[in-house]
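**Student:** Only the shape, not the letters, is given here:
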């Protein structure tokens, strides 16, 4: 049994119903994530799928949007629902990982700087080794609240890599992760 698990965070249809949704980076993201999912499955790495849920809006279970992004094919070993940014808060994820002897996490999903980054920091501080696969994360442009400047996905991803690398995670490509499995 592997001591590594692939964590797929919030890759769900709910996001298509947010005003900031933008299709421009989605196909490349899905392609990268699909290669990683297929490689993990081939190497018998457990795949954990996380869905974000809220009481109302597009993340409410009642909407039917809390389901895998339609362009992705995944058969997870386990699914957890979360209500916080970190997938390790308020879910049985940590207990599941420990029970299965998992010590290393591969973090992917939506949004790069929010739930993926927060879960990475939390996992690292909890003693897990973390590989952060930026090219298998997705985010959207944001407007800076003070200056009004638009910050674009590549800038957000660069910043996330800067603050995570060698502190909370090893920032790696899909191919590097797959080569190490």
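**Tutor:** Everything's here; your move. Just so we're clear, the structure is a prediction, and the values are computed from it rather than from any experiment.

**Student:** Dead centre of the chain: give me the residue that sits there.
**Tutor:** Nearest to the geometric centre of the chain sits residue 109, at 2.6 Å (C-alpha atoms, centre = their mean).

**Student:** Leaving out chain neighbours, which residue sits closest to that one?
**Tutor:** The shortest distance from residue 109 to any non-neighbouring residue, by C-beta to C-beta, 6 or more residues apart in numbering, is to residue 9 (3.1 Å). Heads up, the C-betas are built off the backbone N, CA and C, glycines and all.

**Student:** Please give me every residue in contact with the one you found.
**Tutor:** 50, 52, 87, 107, 108, 109, 110, 115, 116, 119 (C-beta atoms under 8 Å, 6 or more residues apart in numbering).

**Student:** Please tell me I have it right and residue 63 contacts residue 14.
**Tutor:** Yes. At 7.4 Å, residue 63 counts as touching residue 14 under the criterion of C-beta atoms under 8 Å.

**Student:** Of the two, give the one with the bigger neighbour count.
**Tutor:** A direct count of neighbours by other C-beta atoms under 10 Å for residue 63 and residue 14 places residue 14 higher, at 24 against 15.

**Student:** Doesn't that one lie inside a helix?
**Tutor:** Yes. Counting by DSSP: H, G, I helix; E, B strand; the rest coil, residue 14 falls inside a helix.

**Student:** That one is in contact with residue 62, isn't it?
**Tutor:** No. Between residue 14 and residue 62 there is no contact under C-beta under 8 Å: 11.8 Å.

**Student:** Could you measure from residue 103 over to residue 8?
**Tutor:** 19 Å (C-beta to C-beta, to the nearest Å).
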